[in-house]
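Participant: Here's my sequence, what's the structure:
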Amino acid sequence: MKLKMVGLGKMGLNLALNMKEHGVDVEGFDVNEEARKKAESENIKTYASLEDVASKDEKNVIWVMLPAGKITNSVLLQLVELCKANDIVIDGGNSDHRDSLKTAHLMEEKGIYFFDIGTSGGVYGARHGASFMCGGDPDVFKNELQKMLESIATTNGCLYTGKTGSGHYLKMIHNAMLYGYMQTLGEGFELLEKSEFDYDLQNVADSLSKSSVIRGWLLELAADAFKKDPDLSKIKGVVGASKTTGWTIESACELGVPIPVISTSLMMRLRSKQDDSFSAKVIASLRDEVGGHKAQSK
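Facilitator: Residues are numbered from 1 along each chain as shown. Okay, the predicted model is just below:
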């Protein structure tokens, strides 16, 4: 299978390397020359322009892995004009599912198959096995994409979610769940840190990650963070927030579904810009470990 990756940043390049390792004939494009050179150093052929990516002579499978919003939407609109019937275009970023529905409509008019694929697992997952949430045409997914996606996914990590928009909607909810879980971890570790007991937080996180009801990857990452900086003294308790959880709150209001934990977790991230709590430091360090969102240093 031949695939062209548009966006060779930390996620796009690692996905491309993962694909290459699993037999995909992967090529790439990035507006940044240094990003192209880095890909070429890994023996990935690159193109100098988006026009060159969309071949007129062969079927295109193009994966867009760019920051959500204006940049992604602009590239997708260009691909609507550049691609032809039966080409496949994938948006693997964190786009608003409402934007994905608009994009799909434009591509459908030209006979282009559009897939919105939510991608989870961070930079590590992109390189070694991610989780994919795939919305789009079921037959094209089964016949042309499923085998490739399963090869680069973690075990049981490739899920067909249904019609267009469903992949990015699920990824949005996934991100909102992550906010809530990170918030509870941050609050719990702050209680441990401020208690009268002398806990080794690295050992606590490591043990709970392996043996408890709340075991999981985030606790493993918390253990890694405490190993690097036991009291998180090098980190500012400032936690960034993407747009996806705000979109989730909008959806909850439209559907009449109360989501107090998720809503509060977003408010606490906004509050973190005004104070410097230990719980915010834990969450900031987890964002760094999960997705390479660099925590602010003191």
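Participant: those strands in the protein, which residues are they?
Facilitator: Counting by DSSP state E, one finds strands in the chain at the ranges 2-6, 25-29, 46-47, 61-64, 88-91, 113-120, 130-135, 153-162.
Participant: Can you tell me which of those is nearest to residue 234?
Facilitator: Proximity of those to residue 234 was assessed by C-beta to C-beta; the nearest stretch is strand 113-120, lying at 27.5 Å. Yep, even glycine has a C-beta here, placed from its N, CA and C like the rest.
Participant: elements contacting that closest one?
Facilitator: Taking 3 or more C-beta pairs under 8 Å, 6 or more residues apart in numbering; DSSP states H and E as the contact definition, the neighbouring helices and strands of strand 113-120 are strand 88-91, helix 97-109, strand 130-135, helix 166-194.
Participant: CA atoms only: put that strand into PDB for me.
Facilitator: Once side chains and other backbone atoms are set aside, the C-alpha atoms of strand 113-120 remain, and they are given as PDB (Å, rounded to 0.1, in the frame of the first residue of the first chain):
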ATOM      1  CA  TYR A 113     -13.600   9.100   0.200                       C
ATOM      2  CA  PHE A 114     -13.000  11.000   3.500                       C
ATOM      3  CA  PHE A 115     -12.200   9.400   6.800                       C
ATOM      4  CA  ASP A 116     -12.100  11.100  10.200                       C
ATOM      5  CA  ILE A 117      -9.700   9.000  12.300                       C
ATOM      6  CA  GLY A 118      -9.200   9.900  15.900                       C
ATOM      7  CA  THR A 119      -5.700   9.000  17.000                       C
ATOM      8  CA  SER A 120      -4.800   8.200  20.600                       C
END
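Participant: neighbouring strands for that strand, and are they parallel or not?
Facilitator: strand 88-91 (parallel), strand 130-135 (antiparallel) (DSSP bridges).
Participant: Mean neighbour count and distance to residue 100 added to these, as a markdown table?
Facilitator: Converted to a markdown table, the strands paired with strand 113-120 look like this (neighbours: other C-beta atoms under 10 Å; distance: least, C-beta to C-beta, whole Å):
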| stretch | mean neighbour count | distance to residue 100 |
| --- | --- | --- |
| strand 88-91 | 26 | 6 |
| strand 130-135 | 24 | 7 |
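Participant: for the ones you listed, which one sits closest to residue 41?
Facilitator: Where the strands paired with strand 113-120 are weighed against each other on C-beta to C-beta, the nearest is strand 130-135, at 22.7 Å.
Participant: can you list the weak-confidence ranges in the protein?
Facilitator: The chain contains residues with pLDDT under 70 at 291-298.
Participant: looking at it, which residue lies furthest from center?
Facilitator: Of all residues in the chain, residue 196 sits farthest from the chain's C-alpha centroid, using C-alpha atoms, centre = their mean; the distance is 38.5 Å.
Participant: who touches it in this structure?
Facilitator: Residues in contact with residue 196, defined by C-beta atoms under 8 Å, 6 or more residues apart in numbering, are absent; none qualify.
Participant: next one: residue 263
Facilitator: Applying C-beta under 8 Å, 6+ apart, we find residue 263 in contact with 249, 252.
Participant: ok, what's across the strand from residue 159?
Facilitator: Counting by DSSP bridges, the residues bridging with residue 159 are residue 133.
Participant: Which residues are in contact with it?
Facilitator: Residues in contact with residue 159, defined by C-beta under 8 Å, 6+ apart, are 131, 132, 133, 134, 170.
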